[in-house]
Each structure stands twice: as C-alpha cells, then as structure tokens.
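Peer 1: What follows is a predicted protein model with its sequence.
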2 protein chains.
Amino acid sequence: VNEFELIDLVLSTLGDTASGDPLVLGPGDDSAAVLVPAGSLLVSSIDSLLADVHFPADAPAALIGYRSLMVSLSDLAAMGAEASHVLVSLTLNTVDAAWVRQFALGMREAALSTGVKIAGGNISRGPLAIHVSVHGFCPPADLLRRDTAQVGDQVFVTGALGGAAAAVAEGFAAVKDVDPDAVTPLQQRYFKPQARLSAGKTLRGTAHAAIDVSDGLLQDLGHLMKASDLQARIDSSLVPVFPGADLAQALHGGDDYELLFTAAAMPAQLGVAVSRIGELVSGSGILVDGKQVTADGYRHF
Amino acid sequence: VNEFELIDLVLSTLGDTASGDPLVLGPGDDSAAVLVPAGSLLVSSIDSLLADVHFPADAPAALIGYRSLMVSLSDLAAMGAEASHVLVSLTLNTVDAAWVRQFALGMREAALSTGVKIAGGNISRGPLAIHVSVHGFCPPADLLRRDTAQVGDQVFVTGALGGAAAAVAEGFAAVKDVDPDAVTPLQQRYFKPQARLSAGKTLRGTAHAAIDVSDGLLQDLGHLMKASDLQARIDSSLVPVFPGADLAQALHGGDDYELLFTAAAMPAQLGVAVSRIGELVSGSGILVDGKQVTADGYRHF
C-alpha cells in the first residue's frame, strides 16, 4: 500500500463527507476550493493531536479519528461559527490499511454528526499525529471573542466538567480492546467529545465572550479574563461536575470541550445543560470561593 | 519558557505579518477570522514538513521557517489563487527560544515576500515538524485544476528543475553552520523555493491545467495526466535543468516547486522563465523521447 492507495482508501471511506456543498473542489487537486457565503467571515483554526501526548496511541483508530475532528471543531464552536470544512494531515509510522480505514470511519462519523465536509489533506510517514485545520462561517457582528467580556456579566459553562480528566486518571490500559461503540460514559467524555457548535451558534448576539474548555476550566477562564482584562469570581459549588469526576478534575482537568461564556443573563435554550458558575468584576485573575487562584491546567511544555 | 511565552515570542517576531487585512481577528483567540472578497472562492490546502524527512533537522531555523511557508504556498500557486493567510502548527522536542525566534523570522521573511498573513497556529511538544494550512482566494472561473488539460495542449514548466535534488545529493553536512543569508545557489533551490504565486495568477484564463512540481516532474505530470485522462509526450532536451543538476534530477527530483502547466500556446510574460517541454495527446501516461516511462518520483511510503 503506497501513499496514493492510502489516500484512495481514505476518500472511499469518507464518501459523501468529502464532497458536496460548500466544496466546489474537494480532495484530489493541489488545493480544495470552497464557496463562502456572502457577508460571512471565514473563521479558521489549526490543532495538532500527537500520539501519547494528546491521545493514547493504542486507542481504537475510529475513536482517534472521531476525537481529532471534534476537538478541532470545538475552536469553531467557541467563536459562534458554523462549521464548514476541514483539512487533515495524518502522519503514520506504519502503513496499516485497516487502521487507516477505521480512522477515516471515525472522522466520517464526526463529520456526519456536525455537517462538516472533509475538503482535503495528506498522509506522510512519521510519528503518529493528526493535524486538523478547521474552517467555518460567521456574520462579522456575531463573532464570539475572548476579549469582549463585560463587567457584571455572569459566567456560564455548558454540560458538566471533569469527565475527560477522570477517564484519563482511570487509565486507558484496556482501551485498545474496546469496541468504539461501547466505551464507558467516562471514556465517552474523553474519546467522543461533542463540539458545541449548535450552542455556540445560538449564543450569537447573547454571549459577550466565549472560549472552549480544552486546557481546564480555570486555565481557560484565565485566558478569557486576561483577554478581557476583568476578574472572575467563581462559586465552586455551582461548577457542574461530571458523574465519576471530582471537583478538582472539573476545575483543572482538560479535554472537556464544553463552552465557557459570559453573558448578562442565562441564555435561552442551548440544546445542552448550562450552569451559571460566577460573575465578572473589574480587576484581574480568578477568585474561587473568594480565594485568588493560579490559573493552572494543562501545560504543553 | 512555557507554551504561552513561546507564542508571545513568535507573535512579537512575526509583527505585522500576523495582523492587518484580510485578518479581522488574528492570533490569540480560539480561531482567526478573515474577510473573503465577494465573488471569490476560498482555496485551501494543508502540508506537513517533518524533520529529517522533509528537511534536515539541524538546518538553520530561519531556513526551515522560510521553506515551510513557501512549500505550502506553492499549492495555492498551482491553483492560480492569490495567497491570503496561513495557520501554522509547530511541534518541538526541546524548547529553545532562540531557535523559535529564528524560525519565526524565516516565516516572516516568506510572508513579507508573498504578502500572506499568519492568522494563527499553535505550538506543542513533539518530534520537530511544521504543519501549515494555507488559504487564498480565486474567482470561480479561474481556478487552475489538474483535470482540465486538453488534447493538443503544450506542456510548460517555469524556472529550471533538479536544483533542489542536486542540493540534497550534495548533502547538507555543513548546513547547520551556514549563514541563512549566504546559502549556495543550489542550497537556495532547496531552502528558499519561491512559490510561483504571481505566475499562477497570471496564468488564470490561459493555462488549462496546472500542478506544482513537488514530488518530481514525471510524477507530478503523471498526476496531471491521470486527472485529465491524457498522454504527455515530453522531449527531454527541452526540460530546463538547473545549473549543477543533471537531467535525471530534473526529471525525477522533488522539491523544486516550479509550476507545471498546459496551455494552447506559450503564455505571455509570467515574470519567470517558461520552457515548453512537450505536448498532450489522447491516451494515458507519459512518453519521454518516445519511450513510455513509469511516473516515479518521491514516494512517502
């Protein structure tokens, strides 16, 4: 199996998730071409997921594929953007057609559930890693930024936190034998995060600022506060803790991919649970239960 | 130096290449936001450059940065697109602020010379590699595709070929000691390729099909013939060979990043030398000097 045969295998597995609107030209040329709706901004981000840093290398390939796409799409959700298309660069140590097919099936499942198209990519030989560039559309006035939170805003978070961290703490020793369709609820939080694209879109015009919880609630809230030059006061008893996780995991654990946002009041129905966890005042940093905290979470170095 | 300090260092080094039109929102949020000109398609590609596969790990960081951006932009040139912005994911084994600053300076030089903006990216710990997602704009009718070559077209290539392969053959033993501003002409071909963006744009409406020469003339011509379902007949005496390279390197060597295109006749001034090297007939594959050849070049596996 050479590079071009692997690409053919990926494309036949992706099927209709690699063609159709908004793709004018899909995979197979030097670049893809996409029709951007008039009046929309293009919203773009890139993410890297490295084996045994960002996911266990021996996890089922379908879960790795699914998770890679969802984790990357979460950056679009945090902007209030509608996901349109992604480009995927896969590096592989060994050429294993069965692995690649399962990986593509996982990507396909995530693409189908979000409506995103896979516009192109490449495969090269190297340490197992997935690099995903994600793109979406958003009206200019509706962009959810980090630097526009306001004094007096309430702080909200979708879903429940700490589940992914609890899954990591539990360990993934048996994950390679797991049926991707039968992971436990905790493992689901790690391997099958849901990019909150619909909630992000619904928050247009309501949320004043937003970020996704990728590195940990306090660390990501710290980014928001630094960008907006405000102080957050969090009541830890209001932080939604995922069943099986503890409060420390909910405050510091990464990989949840929920939306953390600020708004004047509880927003209308988002299609997902929303918790108010605190409020914003002038100042800087974060107080949890009245005590100043270091905004720590996952550090890449 | 942690991840966020490294990012600050990169952004201060990139300076005005990471802000300004068409960026509405540059690096620092969950995603960047870009204004796409009305009536233009968005043209997008992703490329991965791995240390000691796609470049020597001990080469000067400025050359690695420069080359990574140019190699990736070449995919936009091959579509006739105008480069707009890129996203860069950098993985690093060791945190070396001086290396990162030189790398960013190289990226900055390539960005300044092409007018492209660096819209965002990330840095994580892992084997040295650069993943670049490139984006540009092109009117829908002007896209230079691979599958639209026509019977009777002449085959053209910009510049001269084989120089990068000759540089690789010569070896890079001393490259780590090289002043990035004083590489030899052959090394220049490898480390400082020029994405033919201006030539690609000028070929809109004139070229019937195009591809960039990344894997080798015959291999890339093979892709073009396969996509267009035609046969190319090449006269090897017409292939422009870079001084210091030989014909085999010009035919099979990769990394030149010249444009290979087909058109009814020699195009008007492209701002770079253009050579007619053959013509297209019905059939498939490639004949060089009347002999059928295997379209070989660089294979990633």
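Peer 2: Received it, and whenever you're ready, just let me know what you need. Numbers count the residues shown, from 1 in each chain, chains lettered A, B, ... in the order given.

Peer 1: All the helices of chain A, residue numbers only.
Peer 2: Secondary structure of chain A (DSSP state H): helices located at A:3-14, A:61-77, A:97-114, A:163-170, A:185-191, A:197-202, A:217-228, A:247-252.

Peer 1: the inter-axis angle of the fourth one versus helix A:61-77?
Peer 2: I take that to be helix A:163-170. Counting by axes from the mean of the first three to the mean of the last three CA atoms, to 10 degrees, helix A:163-170 lies at 140 degrees to helix A:61-77.

Peer 1: Give the rounded mean pLDDT of helix A:163-170.
Peer 2: The predicted model gives helix A:163-170 an average pLDDT of 92.

Peer 1: Now do the buried residues in that helix.
Peer 2: A:163, A:164, A:165, A:166, A:167, A:168 (16 or more other CB atoms under 10 Å in any protein chain shown). Placement of C-beta: from N, CA and C, glycine included.

Peer 1: residues touching the last one, list them.
Peer 2: With contacts defined as CB atoms under 8 Å, 6 or more residues apart in numbering or on different chains, the neighbours of residue A:168 are A:190, A:253, A:255.

Peer 1: Please tell me I have it right and residue A:254 contacts residue A:212.
Peer 2: No. Taking contacts as CB atoms under 8 Å, residue A:254 lies outside contact range of residue A:212: 10.5 Å.

Peer 1: what sits opposite the closest residue to chain B within chain A in the beta ladder?
Peer 2: Minimum separation of chain A from chain B (CB to the nearest CB) falls at residue A:133, amounting to 3.4 Å. The residues listed as beta-bridge partners of residue A:133 by DSSP bridges are residue A:46, residue A:87.

Peer 1: pLDDT score for it?
Peer 2: 98.

Peer 1: Quick check: it touching residue B:46?
Peer 2: Yes. Assessed by CB under 8 Å, residue A:133 is found in contact with residue B:46 at 5.3 Å.

Peer 1: joint contacts of the two?
Peer 2: When contacts are counted by CB under 8 Å, 6+ apart, the set common to residue A:133 and residue B:46 consists of A:87, A:88, B:133.

Peer 1: I figured the second one was touching residue A:117, is that so?
Peer 2: Spelled out, it's residue A:88. No. Counting by CB under 8 Å, no contact exists between residue A:88 and residue A:117, whose distance comes to 11.4 Å.

Peer 1: any idea which of the helices of chain A is most buried?
Peer 2: For these, the stretch with the most neighbours on average is helix A:61-77, a mean of 27; neighbours defined as mean count of other CB atoms under 10 Å in any protein chain shown.

Peer 1: So which residues on the stretch 51-200 of chain A come close to chain B?
Peer 2: The stretch 51-200 of chain A comes close to chain B at residues A:53-54, A:75-76, A:78-79, A:81, A:85, A:87-89, A:91, A:95, A:119-127, A:129, A:131, A:133-136, A:138, A:140, A:143, A:145-147, as judged by CB under 8 Å from any CB of the partner chain.

Peer 1: So how do I select the buried members of those in PyMOL?
Peer 2: The following PyMOL line selects those of these that are buried, judged by 16+ other CB under 10 Å:
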select buried, chain A and resi 53+54+75+76+78+79+81+85+87+88+89+91+95+119+120+121+122+123+124+126+127+129+131+133+134+135+136+138+143+145+146
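
Peer 1: In strands, which of the residues of the stretch 51-200 of chain A next to chain B fall?
Peer 2: A:85, A:87-89, A:91, A:119-125, A:129, A:131, A:133-136, A:138 (DSSP state E).

Peer 1: check contacts around residue A:45.
Peer 2: Residue A:45 sits in contact with A:72, A:75, A:76, A:133, A:134, B:30, B:31, B:32, B:87, B:120, where contact means CB under 8 Å, 6+ apart.

Peer 1: what's the distance between residue A:161 and residue B:155?
Peer 2: 59 Å (CB to CB, to the nearest Å).

Peer 1: who's more crowded, those two?
Peer 2: Between residue A:161 and residue B:155, counted using other CB atoms under 10 Å in any protein chain shown, residue A:161 has the larger neighbour count: 31 against 26.

Peer 1: Go ahead and confirm the more buried one touches residue A:213.
Peer 2: Yes. In this structure, residue A:161 is within contact of residue A:213 by CB under 8 Å, at 6.5 Å.

Peer 1: shared neighbours of the two, which are they?
Peer 2: When contacts are counted by CB under 8 Å, 6+ apart, residue A:161 and residue A:213 are jointly contacted by A:256, A:258.

Peer 1: Number of residues surrounding the residue lying closest to residue A:265 once chain neighbours are set aside?
Peer 2: Computed as CB to CB, 6 or more residues apart in numbering or on different chains, the closest residue to residue A:265 that is not its neighbour in sequence is residue A:154, at 6.6 Å. Per other CB under 10 Å, the neighbour tally for residue A:154 reads 17.

Peer 1: same deal with residue A:257?
Peer 2: Counted with other CB under 10 Å, the neighbours of residue A:257 add up to 24.

Peer 1: try residue A:246
Peer 2: There are 14 residues near residue A:246, going by other CB under 10 Å.

Peer 1: Equivalent analysis for residue A:148, please.
Peer 2: 16.

Peer 1: Without its sequence neighbours, what residue ends up closest to it?
Peer 2: With CB to CB, 6+ apart as the criterion, residue A:148 has its nearest non-adjacent residue at 4.9 Å, and that residue is residue A:209.

Peer 1: Which pLDDT value belongs to that neighbour?
Peer 2: Among the per-residue scores, residue A:209 holds a pLDDT of 98.

Peer 1: doesn't residue A:226 make contact with it?
Peer 2: No. Using CB under 8 Å, residue A:209 is not in contact with residue A:226; the gap is 11.6 Å.
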